[in-house]
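S.K.: Provided below are the primary sequence and the corresponding predicted coordinates.
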Amino acid sequence: MSSPQSESAGSPHLTAKQLAARWQTTPNAIYIARHRGKAPQGFKRGTGLLFPITAVEAFEAAQLSDDRPSNRRAATQLRPPEPLSARRPRRPSKV
């Protein structure tokens with residue numbers, strides 16, 4: 001099996017399969033993400049889907065710059081803690 005780098009060495013585009021290998025996901029997930037607008041702009045060539053490498057790299061850079069801290073401590077430092085809600089009173093038991 002050849003690597004995605006060797007397949008795209010002469011082309012400035014990635015196929016959905018190559019992009020899926022780059023992002024460590026499935027080609028079907030790439031199609032779904034593209035449909036939902038959460039993947040770089042691509043275009044159809046025959047029955048295949050091609051993504052310009054420059055668009056993929058720009059999309060990845062934008063995703064990295066928009067990334068928020070996933071560490072809980074860092075996230076709590078960004079916003080104040082939410083107030084605790086009052087408990088509901090217990091219902092009287094029917095005995």
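M.R.: Good, I have the coordinates. Residues are numbered from 1 along each chain as shown.

S.K.: where do the helices sit along this structure?
M.R.: Ranges of helices in the chain, per DSSP state H, are 4-7, 16-23, 27-35, 53-66, 72-78.

S.K.: Quick check, central residue of this protein?
M.R.: Nearest to the mean C-alpha position of the chain, by C-alpha atoms, centre = their mean, lies residue 38 at 6.6 Å.

S.K.: one step back: compile the helices of the chain into CSV and extend it with columns for mean pLDDT and distance to residue 87.
M.R.: Quick note: C-beta positions are derived from backbone N, CA and C, even for glycine. Output for those, formatted as CSV (pLDDT from 0 to 100; distance: least, C-beta to C-beta, whole Å):
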stretch, mean pLDDT, distance to residue 87
helix 4-7, 47, 55
helix 16-23, 94, 45
helix 27-35, 92, 42
helix 53-66, 89, 38
helix 72-78, 58, 23
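
S.K.: Most tightly packed of those helices?
M.R.: Of all the helices of the chain, helix 16-23 has the most neighbours on average by mean count of other C-beta atoms under 10 Å, namely a mean of 19.

S.K.: then stretch 38-56 to CSV, C-alphas only?
M.R.: Only the C-alpha atoms of stretch 38-56 are listed here, as CSV (Å, rounded to 0.1, in the frame of the first residue of the first chain):
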residue,chain,number,x,y,z
LYS,A,38,-16.8,21.5,8.1
ALA,A,39,-14.2,20.5,5.5
PRO,A,40,-12.1,22.5,2.9
GLN,A,41,-13.6,23.5,-0.4
GLY,A,42,-13.2,20.8,-3.0
PHE,A,43,-14.5,20.1,-6.5
LYS,A,44,-15.7,17.2,-8.4
ARG,A,45,-13.6,15.7,-11.2
GLY,A,46,-15.5,13.0,-12.9
THR,A,47,-16.8,10.8,-10.1
GLY,A,48,-14.1,11.8,-7.7
LEU,A,49,-13.7,14.6,-5.3
LEU,A,50,-10.5,16.7,-5.2
PHE,A,51,-9.2,19.1,-2.6
PRO,A,52,-6.5,21.6,-3.4
ILE,A,53,-3.6,21.2,-1.0
THR,A,54,-3.4,24.9,-0.4
ALA,A,55,-7.1,24.9,0.6
VAL,A,56,-6.5,22.0,2.9
